[in-house]
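1. No sequence on hand, only this structure:
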Ligand code: BGC
């Protein structure tokens, strides 16, 4: 090859790589950051408000629904919602994202307040003039303006009542909970316990953390059922706990006689409910939480009188309810 031919070949390869990378980055930006496309449109004025919505894990159907609700509100009002969170549950990373939102002086922050460390940062944001509301998990002792989400204590009570009804008041119970120091899980356990303790024929013999992870839930449920062979029912307080519990039940050949109640009507949980491997689900309203949170934040910014607590519905769904629940994929 002559020297010139070599130079042209190298230049040609460099040009091709440049084009390929440009397309790749353009695609990534379009996917990840709607602000870029908005900014690129010279005709449209930027939205009046920029909110940060911070959840526990983006790679999760529950939080996807929260995000979809908020994005729908974004289309209805003049706001931009920056929806952020760790891909998988990671409270440290979630705190850093909250800190970053405060530093970037957004107009409002909507955050799931998992524990006391969130309370400290929420107070800091409010001191700096950024209004904050909590979503899914509240921090009542912080200076947040409002909470939207499930009444987690009442949802725990509902789960306890369902278990009593479905087991005729006779059960030996193990609990798999997300994390001991997550406020909403603690409330779901407390509400459950308070109801169960009234019932003579039911006792709770073990409680373990799943770390908000299906493998964690499977391991803990498996160990619990081998250490306490007398267990007849398991209660999971987090969306993935039921999946882990039913895997463990299958490994121990307990799928037919173990009673399982857990949180969230996610597709995988509904499938297990149809198969009879989960007996009851506590339904929450993640889409409504996301959507309403934006409306409430706008009211806060407009100095409107608002309620401090906005509880979204929670209810029990059993297999027999599915034929009437077309929204959950049920068919008559
Ligand atoms: C909880 C969320 C949690 C999700 C996934 C839901 O039940 O309300 O806080 O992030 O489960 O574990």
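-> Cool, the structure landed. On a predicted model such as this, the values are computed, not experimentally measured, just so you know.

2. what about the helix or strand where residue 117 lies, near the ligand?
-> Here residue 117 sits within helix 116-127, counting by DSSP states H and E. No. Counting by CB under 6 Å from any ligand atom, the ligand has no neighbours in helix 116-127; the shortest distance is 12.5 Å. (Glycine included, C-beta is placed from N, CA and C.)

3. Identify all contacting residues around that helix.
-> 91, 95, 98-99, 101-102, 109, 111-113, 132, 134, 139, 141-144 (CB atoms under 8 Å, 6 or more residues apart in numbering).

4. Report the residue spans of this protein with pLDDT below the cut-off.
-> 1-7, 9-43, 331-332 (pLDDT under 70).

5. For this structure, which segments are assigned as strands?
-> Here the chain has its strands, by DSSP state E, at 49-54, 79-84, 108-111, 132-135, 146-150, 171-177, 202-209, 233-236, 259-263, 280-283, 309-312, 315-318.

6. Let's have those in JSON lines, adding distance to residue 196 and mean neighbour count.
-> Listed next are the strands of the chain as JSON lines, based on distance: least, CB to CB, whole Å; neighbours: other CB atoms under 10 Å:
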{"stretch": "strand 49-54", "distance to residue 196": "33", "mean neighbour count": "23"}
{"stretch": "strand 79-84", "distance to residue 196": "37", "mean neighbour count": "20"}
{"stretch": "strand 108-111", "distance to residue 196": "31", "mean neighbour count": "27"}
{"stretch": "strand 132-135", "distance to residue 196": "28", "mean neighbour count": "27"}
{"stretch": "strand 146-150", "distance to residue 196": "19", "mean neighbour count": "25"}
{"stretch": "strand 171-177", "distance to residue 196": "7", "mean neighbour count": "24"}
{"stretch": "strand 202-209", "distance to residue 196": "5", "mean neighbour count": "17"}
{"stretch": "strand 233-236", "distance to residue 196": "9", "mean neighbour count": "30"}
{"stretch": "strand 259-263", "distance to residue 196": "11", "mean neighbour count": "26"}
{"stretch": "strand 280-283", "distance to residue 196": "14", "mean neighbour count": "25"}
{"stretch": "strand 309-312", "distance to residue 196": "22", "mean neighbour count": "16"}
{"stretch": "strand 315-318", "distance to residue 196": "15", "mean neighbour count": "17"}
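
7. how about those, which one is nearest the ligand?
-> Nearest to the ligand, of all the strands of the chain, is strand 259-263, at 4.1 Å by CB to the nearest ligand atom.

8. Note down every partner strand of that closest one and its orientation.
-> strand 233-236 (parallel), strand 280-283 (parallel) (DSSP bridges).

9. Close to the ligand: what parts of the stretch 101-250 of the chain are there?
-> Taking CB under 6 Å from any ligand atom as the contact definition, the stretch 101-250 of the chain meets the ligand at 136, 137, 178, 184, 212, 238, 239, 240.

10. quick one: which two of those are the most distant?
-> 137 and 240 (16.1 Å; CB to CB).

11. Neighbour count for the two, which is higher?
-> residue 240 (29 against 23; other CB atoms under 10 Å).

12. isn't the more buried one right up against residue 215?
-> No. If you go by CB atoms under 8 Å, residue 240 and residue 215 don't touch, sitting 9.1 Å apart.

13. State the number of residues packed around residue 307.
-> Neighbour count of residue 307, defined by other CB under 10 Å: 11.

14. List the residues that contact the closest residue in space to residue 66 that isn't next to it in sequence.
-> Closest residue in space to residue 66, ignoring its immediate chain neighbours: residue 290 at 3.9 Å, by CB to CB, 6 or more residues apart in numbering. By CB under 8 Å, 6+ apart, residue 290 lies in contact with 53, 65, 66, 67, 68, 69, 70, 71, 72, 73, 135.

15. Number of residues surrounding the fourth one?
-> Residue 67 sits with 20 neighbouring residues when counted by other CB under 10 Å.

16. Wait, it touches residue 74, no?
-> No. Using CB under 8 Å, residue 67 is not in contact with residue 74; the gap is 10.2 Å.

17. Dig out what the residue nearest to residue 204 when sequence neighbours are not counted forms beta bridges with.
-> Excluding its sequence neighbours, the residue lying closest to residue 204 (CB to CB, 6+ apart) is residue 173, at 4.7 Å. On the basis of DSSP bridges, residue 173 takes part in beta bridges with residue 204, residue 233.

18. I'd like to know how far residue 173 sits from residue 225.
-> Distance, residue 173 to residue 225, by CB to CB, to the nearest Å: 12 Å.
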